[in-house]
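Visitor: From the sequence below, what's the structure:
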Amino acid sequence: MGIQDLQTFLASTCVRGGSIPVDLLKIARMVAQKSQRTRVIKGQQLHNFGKLRLVLDGECCLDRLYGGFFSDWACGGQWNRMLQFLAVLIQAMEMSGLEVAVFFNGCFEPLRRADWVQHQLQVRAKVNNVLKHITTKGTPPPKIWWTPPVCLRTSLRMALRHLNVTVLSSMDDHHQEVIAYCRENTYNGLIADDAEYAAFDPPRYFSSEQLKLTYKGSLDTKEYMLSELTKALNIPSDRLCILAALLGNYILTENDLADFYKNNNISTNVLNKTSVEQMIKIIATFVKELPSAELDVVSQKVFGSVSDPRCSKLRQSVQYYLNGTKEGFLHYKPVKPTKIHKLDSKPSTQTHANLSDIPSGSEGDSTLETSRFASETLESERESLNAYKQATANAKTAPQIVIDPPGIQGHGDVDAIRTEEEQTGDGHVINGTHNLLISSSSSSSSSSATSPSHATAASARQPENATSIPTTSPEVMRTASERHQKGLMSPYIYQILIAGEIKLPVLLEDENHREFPSIHVIYRPIRQMVYAILFNLHHRMYLATKSKEKGDSEQVEIPDVIIKEWVWSKSNPYQTPELVKAEQIGWGVPTIQRLWFGTVIDDKRRRLRGFLTCMRSDTPLMLNTSYVPQHLLVMACVLRYIMSFSDKIKILRRQELDAFIAQAFSPELMNAQYLQDLQLPLVTSRGVQLATLFMAGVETALLANDACGAPIPWLMCCPWLYFDGKLFHHTLARATIAKNLLELCSGHIDRVVKVERMRKAILEGINVVFARPPLPVTPGIRVSVPSNILPASCTINDGLMRGRGSGTLPQRGLMRRPIPSRGGQLEIAGVVVGQWGPNYGQPGRLPQPLQGHPRGRIPPQILGERSRY
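Guide: Next comes the predicted model:
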């Protein structure tokens with residue numbers, strides 16, 4: 001039970017006409033036809049006039065934005081395919097006059113922690129089922145267990161930014177900020193699937209779960225008719241908030257309402273639970289019969305007494321929903337004492353934030369931009385854009401997902417997807433006019449971030465197990481606030497600075513950690529150095545040392561910087577946070593102000609050195625582009641960190657490291673058509689977890705990059721430049737049986753050189769010890785080798801091919817060198833000590849003679865670990 005039951009009820013057949021199928025592109029074209037002329041205000045043309053403008057809650061449709069439930073999501077993410085899908089989707093929207101602003105949840109939301117934990121435990125159950133399925137079946141998991149691939153939200157933010165879509169990240173209360181942004185900026189409606197939005201009664205409410213881009217050029221979904229909901233329940237629309245509150249939420253829980261449910265014959269017992277339809281109708285009848293909508297009267301009727309302590313929760317819950325309505329959203333102020341931080345109720349004064357943050361912004365505007373780092377100069381962004389174009393020069397698309405453009409005059413002249421260089425400073429409002437900082441009437445007045453009290457309020461809050469965090473300068477907090485809200489950096493940065501806490505989600509990894517330790521634990525040392533950078537730990541230690549040397553009478557004590565990390569483990573399934581101490585990075589790193597805002601050349605070097613130090617990658621070859629191309633620097637740093645994680649725990653095997661690097665240099669990485677057609681008949685549990693480990697490392701690397709002032713341009717961080725989960729699994733399977741690196745690279749010497757150079761840079765200065773291969777299988781166990789793990793130009797001996805029925809995983813080290821079929825004898829010092837007869841094998845597995853040139857072929861024997869390289 002809970003508020004989400006209202007969404008279930010609305011989407012069901014219980015409400016006649018509650019949801020109707022619509023085509024959003026058709027609606028947008030109809031709006032455009034009614035408004036052919038442009039309106040001119042104050043001498044400027046407003047291009048959004050005559051458009052259908054919608055706010056999309058990205059949290060409700062991560063799977064839709066990813067491209068759907070195609071089967072290879074568990075392999076680590078198909079980022080090029082996702083980018084191509086988004087490009088086609090955005091192009092279709094632009095050609096029809098549909099504009100969207102996409103919101104992601106960047107809030108810490110401590111009051112909703114119980115709901116978040118419950119959701120994560122559900123994800124944990126799905127992950128267990130996925131890994132069990134992969135281990136036993138060796139095939140991609142079914143869509144019923146779909147979970148967002150690691151780094152999906154980060155990748156979506158970067159992809160949408162690249163495609164010039166307005167991206168926003170909430171700061172304090174996600175739902176309130178989404179509806180407030182919609183109302184304040186006069187958007188036409190919401191695309192979501194959350195009952196809280198239904199209680200807010202938005203202008204129009206479309207389903208994100210049903211969102212589907214079709215081949216015929218339509219964007220189908222359903223529109224929820226909230227007027228039909230109140231009509232079906234026979235309650236006034238102004239009492240819908242009372243109904244929503246009585247369903248239970250994070251403020252007024254179901255336990256608080258247990259007596260109310262019992263008095264109204266509503267059972268919450270699992271065995272005889274009241275159906276959703278019946279429960280909502282019972283509560284609706286109760287709400288309809290209330291003599292008044294005054295909250296004191298409602299409290300009296302619900303709890304029997306206005307002095308009941310639960311009455312205040314009921315008032316807060318009803319008021320929460322009223323704050324999202326058309327009449328009440330301007331009055332919303334999050335003043336609850338249990339919030340993360342206080343918010344200034346003064347009107348926002350940061351009008352200078354209404355500027356574009358895309359690379360092509362005009363130089364005049366950039367002088368007023370407060371959300372930019374000093375590293376984000378026009379010159380550096382032009383260079384990164386050129387490097388991006390060079391890295392994607394051979395990109396190919398998959399023609400079968402291209403849709404036919406609609407035939408509307410005046411809206412069909414949009415080219416494919418506009419890049420940053422085609423934008424002008426005043427022409428578009430990406431991360432600009434439409435990306436305004438939400439004012440005080442919404443849930444997160446960023447004006448409070450400009451005040452020193454913003455940080456001190458958070459650090460002064462002392463619950464029972466609270467840890468204190470140092471104060472942060474107003475300048476840093478202002479920039480962090482604006483970059484966070486514009487979706488320009490990791491949301492963890494703002495949460496760390498404000499609350500000193502982060503919530504780390506469940507990942508696609510074995511809960512028993514049989515392959516390697518917990519992924520969040522592996523990357524904890526990076527986060528510890530990030531904490532030290534954000535809170536100027538080195539500078540504070542330096543000042544304390546100087547004071548001690550001067551002989552100050554007062555003892556200078558610097559408390560440890562402790563950050564709470566909510567991490568799942570079998571022994572602690574999100575019951576209590578782990579207290580993680582910040583660790584210095586080992587050299588005189590500048591303050592966060594210098595890293596973010598310093599403009600001299602020395603600041604630039606220190607920004608990059610700080611990032612490389614966090615990733616344990618501060619080596620000469622790492623910055624040599626002939627060894628590590630610029631767009632592969634993030635990947636190289638992550639792989640080097642994994643290789644140097646621990647002297648005792650070795651994670652990667654040699655062929656796995658080669659597989660990561662080889663797929664990054666593969667021309668198929670940018671070939672969406674090839675990746676779409678590529679089939680993976682065999683998926684391994686270890687491969688899935690390695691991909692998860694790598695992408696979690698990418699997300700952590702981007703956190704470190706943001707903390708250091710973005711020394712690596714964001715375009716060079718995009719994961720589709722260096723990784724595709726399906727291609728990685730394909731390459732890993734080939735690496736398992738390949739004779740050498742040349743064979744893994746399909747005989748291309750130039751790629752071999754690139755792989756070896758990058759491997760050398762990754763392993764520079766490391767005492768290289770690879771993880772051991774698994775124990776050999778017992779005699780009699782057959783090993784299945786998929787027939788499609790080699791490129792079209794490479795053949796394989798038929799004696800090595802079998803169907804997938806075996807179910808045994810083709811990992812290197814599991815395969816034994818076969819006995820030569822012709823027979824033979826073993827001699828030692830010229831004396832025959834053993835001999836054997838011919839090995840005729842089994843039916844269907846007769847040895848075949850080798851034919852053709854040996855290059856690009858695999859011999860009939862499977863070589864062991866020692867003889868590969």
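Visitor: contacts and neighbour counts: CA atoms only from here.
Guide: Noted.
Visitor: Let me see the ranges of the helices in the stretch 151-300 of the chain.
Guide: With DSSP state H, counting those that start in this stretch, the ranges of helices along the stretch 151-300 of the chain come out as 152-162, 174-184, 195-200, 226-233, 240-246, 258-263, 276-288, 295-303.
Visitor: Which neighbouring elements make contact with the last one?
Guide: Put plainly, it is helix 295-303. helix 258-263, helix 310-322 (3 or more Cα pairs under 8 Å, 6 or more residues apart in numbering; DSSP states H and E).
Visitor: and that helix with helix 276-288, angle?
Guide: In terms of direction (axes from the mean of the first three to the mean of the last three Cα atoms, to 10 degrees), helix 295-303 departs from helix 276-288 by 130 degrees.
Visitor: from the chain's centre, how far out does stretch 474-494 sit?
Guide: Taking the mean of its C-alpha atoms, stretch 474-494 sits 17 Å from the chain's own mean (Cα atoms, centre = their mean, to the nearest Å).
Visitor: swap that for stretch 535-545, please
Guide: Centroid separation for stretch 535-545 versus its chain: 33 Å, with Cα atoms, centre = their mean.
Visitor: Give the rounded mean pLDDT of that stretch.
Guide: In this model, stretch 535-545 has a mean pLDDT of 84.
Visitor: Same list (the helices and strands packed on helix 295-303) but as JSON lines, adding mean pLDDT and distance to L693.
Guide: Listed next are the helices and strands packed on helix 295-303 as JSON lines, based on pLDDT from 0 to 100; distance: least, Cα to Cα, whole Å:
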{"stretch": "helix 258-263", "mean pLDDT": "90", "distance to L693": "43"}
{"stretch": "helix 310-322", "mean pLDDT": "93", "distance to L693": "40"}
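Visitor: Which of those helices has the highest mean neighbour count?
Guide: With neighbours defined as mean count of other Cα atoms under 10 Å, the helices and strands packed on helix 295-303 peak in mean count at helix 310-322, which reaches a mean of 21.
Visitor: which helices and strands sit right next to it?
Guide: By 3+ Cα pairs under 8 Å, 6+ apart, helix 310-322 packs against helix 195-200, helix 240-246, helix 295-303.
Visitor: Compare those and give me the one nearest M615.
Guide: Among those, helix 195-200 comes nearest to M615, with 41.1 Å by Cα to Cα.
Visitor: May I have stretch 212-228 as PDB, with CA atoms only?
Guide: Taking C-alpha atoms only, stretch 212-228 is exported to PDB below (Å, rounded to 0.1, in the frame of the first residue of the first chain):
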ATOM      1  CA  LYS A 212       7.500   4.400 -27.400                       C
ATOM      2  CA  LEU A 213       9.200   5.800 -30.500                       C
ATOM      3  CA  THR A 214       7.800   3.800 -33.400                       C
ATOM      4  CA  TYR A 215       9.200   3.100 -36.900                       C
ATOM      5  CA  LYS A 216       6.300   4.900 -38.500                       C
ATOM      6  CA  GLY A 217       7.400   8.200 -36.900                       C
ATOM      7  CA  SER A 218       5.100   8.500 -33.900                       C
ATOM      8  CA  LEU A 219       5.900   8.900 -30.200                       C
ATOM      9  CA  ASP A 220       3.200   6.900 -28.600                       C
ATOM     10  CA  THR A 221       2.200   7.000 -24.900                       C
ATOM     11  CA  LYS A 222      -0.900   7.500 -22.800                       C
ATOM     12  CA  GLU A 223      -2.300  10.700 -21.300                       C
ATOM     13  CA  TYR A 224      -3.700  10.400 -17.800                       C
ATOM     14  CA  MET A 225      -7.000  12.300 -17.400                       C
ATOM     15  CA  LEU A 226      -7.000  13.400 -13.700                       C
ATOM     16  CA  SER A 227     -10.500  15.000 -14.100                       C
ATOM     17  CA  GLU A 228     -11.800  11.500 -14.800                       C
END
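Visitor: Which positions in that stretch come out as buried?
Guide: Neighbour-count burial for stretch 212-228, counted by 16 or more other Cα atoms under 10 Å, picks out 212-213, 217-226, 228.
Visitor: try stretch 502-509
Guide: For stretch 502-509, by 16+ other Cα under 10 Å, it's I502, K503, P505, V506, L507, L508, E509.
Visitor: Look up how far H520 lies from the fourth one.
Guide: When you say that, I think you mean V506. Distance of V506 to H520, given as Cα to Cα, to the nearest Å: 9 Å.
Visitor: anything in contact with each of those two?
Guide: Residues touching both V506 and H520 (Cα atoms under 8 Å, 6 or more residues apart in numbering): V567.
Visitor: just to revisit the earlier point, so for G586, which of the helices of the stretch 151-300 of the chain sits nearest?
Guide: Within the helices of the stretch 151-300 of the chain, the stretch nearest G586 is helix 152-162; the backing value is 28.9 Å (Cα to Cα).
Visitor: Can you list the helices and strands that that closest one packs against?
Guide: Under the contact rule (3+ Cα pairs under 8 Å, 6+ apart), helix 152-162 is packed against helix 62-66, helix 79-96, strand 166-169.
Visitor: Tell me which of those is the most buried.
Guide: strand 166-169 (a mean of 26).
Visitor: Show me the shaky parts of this protein.
Guide: Within the chain, the segments meeting pLDDT under 70 span 1, 36-49, 69-71, 329-369, 396-466, 551-556, 775-825, 827-869.
Visitor: quick check: longest helix of it.
Guide: If you go by DSSP state H, the chain has its longest helix at helix 113-137.
Visitor: domain ranges for the chain?
Guide: Domains of the chain are assigned by the TED database as 1-12+232-324, 19-224, 509-763.
Visitor: what's the spacing between the helix or strand harbouring L675 and its chain's center?
Guide: L675 belongs to helix 672-677 when assigned by DSSP states H and E. Counting by Cα atoms, centre = their mean, helix 672-677 is centred 23 Å from the centre of its parent chain.
Visitor: Just want the angle from whichever helix or strand comes after that helix to helix 113-137.
Guide: Downstream of helix 672-677, the next assigned helix or strand under DSSP H and E is helix 685-707. With the same axes, to 10 degrees as the basis, helix 685-707 and helix 113-137 are set at 140 degrees to each other.
Visitor: Just the CA trace of the helix or strand following helix 685-707, in PDB.
Guide: Scanning forward in sequence from helix 685-707 by DSSP H and E, the next helix or strand is helix 725-737. Taking C-alpha atoms only, helix 725-737 is exported to PDB below (Å, rounded to 0.1, in the frame of the first residue of the first chain):
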ATOM      1  CA  GLY A 725      29.300  -3.900 -23.000                       C
ATOM      2  CA  LYS A 726      28.300  -6.300 -25.800                       C
ATOM      3  CA  LEU A 727      31.500  -5.700 -27.700                       C
ATOM      4  CA  PHE A 728      33.500  -6.200 -24.600                       C
ATOM      5  CA  HIS A 729      31.900  -9.600 -24.000                       C
ATOM      6  CA  HIS A 730      32.500 -10.600 -27.600                       C
ATOM      7  CA  THR A 731      36.100  -9.500 -27.400                       C
ATOM      8  CA  LEU A 732      36.600 -11.300 -24.000                       C
ATOM      9  CA  ALA A 733      35.300 -14.600 -25.400                       C
ATOM     10  CA  ARG A 734      37.700 -14.300 -28.300                       C
ATOM     11  CA  ALA A 735      40.600 -13.400 -26.000                       C
ATOM     12  CA  THR A 736      39.800 -16.600 -24.100                       C
ATOM     13  CA  ILE A 737      40.800 -18.800 -27.000                       C
END
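Visitor: distance between the helix or strand just after helix 725-737 and the chain's centre?
Guide: For helix 725-737, the following helix or strand on the C-terminal side (DSSP H and E) is helix 741-744. Distance of helix 741-744 from its chain centroid, counting by Cα atoms, centre = their mean, is 33 Å.
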